[in-house]
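**Student:** compute the structure for the input listed below.
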Amino acid sequence: MADTVELFRCDGRRLWSLFKRHHYLSGTYNGHGAICGVLEGNVVGFTSYITYPSGTIPQPARRGHRTVILPDYQGMGIGVRLSDALGWMMLLEGYRYFCKTSHPRMGGYRNQSPLWKPTSKNEIARTDSTGRSRWELKRTISYSHEFVGDNPDLYAKVLRNIQLPDTSQLSLFDDGLADAE
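**Tutor:** Model prediction:
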């Protein structure tokens, strides 16, 4: 890709209306935070997270909620890069970050990437108590990963639950972490 996709924190509830009809599973949105990708002045991608809904992890955690790239911009690698960027943002804020998808390209990318590690639920067909698949659109395999990044010291700090600088108050136009400290 010749041009750079710029990333911004965004109001996920406001921007979701641009993306909801393009999400492969559901048009619902319950996200707690989001970033968007902008290319040549156009919002082209969106990814968000929710608080990890499990009490089994001792560290604060987040889970990927929605990632959507508008159709004209799909296939350019924007989705996986947005997902990686949100993973980095979560680590820098002191959170473990997990994602689950049934999208084969996203799941395949994470399986191959050293930035992601598979969880025990990776590539397992998930079913409910009746034996029916929990996933729609005849997808039977879900990919489940944790973002670990390529900075073992940072990841170790997150695992030890060491307080990191709070970046949660960055606005859409903040250009980085420098002002957050």
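**Student:** avg pLDDT for stretch 121-134?
**Tutor:** For stretch 121-134, mean pLDDT rounds to 65.
**Student:** cool, stretch 89-102 as well?
**Tutor:** For stretch 89-102, mean pLDDT is 92.
**Student:** now stretch 71-83
**Tutor:** In this model, stretch 71-83 has an average pLDDT of 91.
**Student:** stretch 23-35 now?
**Tutor:** Across stretch 23-35, the per-residue pLDDT values average to 77.
**Student:** likewise stretch 153-165?
**Tutor:** 78.
**Student:** residue 98 touches residue 61, doesn't it?
**Tutor:** Yes - using CB atoms under 8 Å, residue 98 is in contact with residue 61, at 6.4 Å. In short, each C-beta sits where N, CA and C put it, glycine included.
**Student:** now for those two: what residues contact both?
**Tutor:** residue 52 (CB atoms under 8 Å, 6 or more residues apart in numbering).
**Student:** any idea what residue 64 is bridged to?
**Tutor:** residue 49 (DSSP bridges).
**Student:** more neighbours: which of residue 98 and residue 61?
**Tutor:** residue 98 (22 against 19; other CB atoms under 10 Å).
**Student:** assumed that one was part of a strand.
**Tutor:** Yes - counting by DSSP: H, G, I helix; E, B strand; the rest coil, residue 98 falls inside a strand.
**Student:** burial count for residue 83?
**Tutor:** Neighbours of residue 83 using other CB under 10 Å come to 25.
**Student:** can you list the buried residues in the host helix or strand of it?
**Tutor:** Using DSSP states H and E, residue 83 maps to helix 78-92. Judged by neighbour count using 16 or more other CB atoms under 10 Å, the buried positions of helix 78-92 are 78-84, 86-92.
**Student:** and the contacts of it?
**Tutor:** For helix 78-92, contacts defined as CB under 8 Å, 6+ apart pick out 1, 5, 7, 35, 37, 39, 44-49, 62, 64, 67-69, 96-97, 99, 105-106, 109-110, 113, 115-116, 147, 149, 151, 154-155, 158, 164-165, 167, 177.
**Student:** in strands, which of those residues appear?
**Tutor:** 7, 35, 37, 39, 44-49, 62, 64, 67-69, 96-97, 99, 116, 147 (DSSP state E).
**Student:** whichever of those residues end up buried, select them in ChimeraX.
**Tutor:** Burial among the ones in strands among the contacts of helix 78-92 is assessed by 16+ other CB under 10 Å; the matching ChimeraX selection reads:
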select :7,35,37,39,44,45,46,47,48,49,62,64,67,68,69,96,97,99,116,147
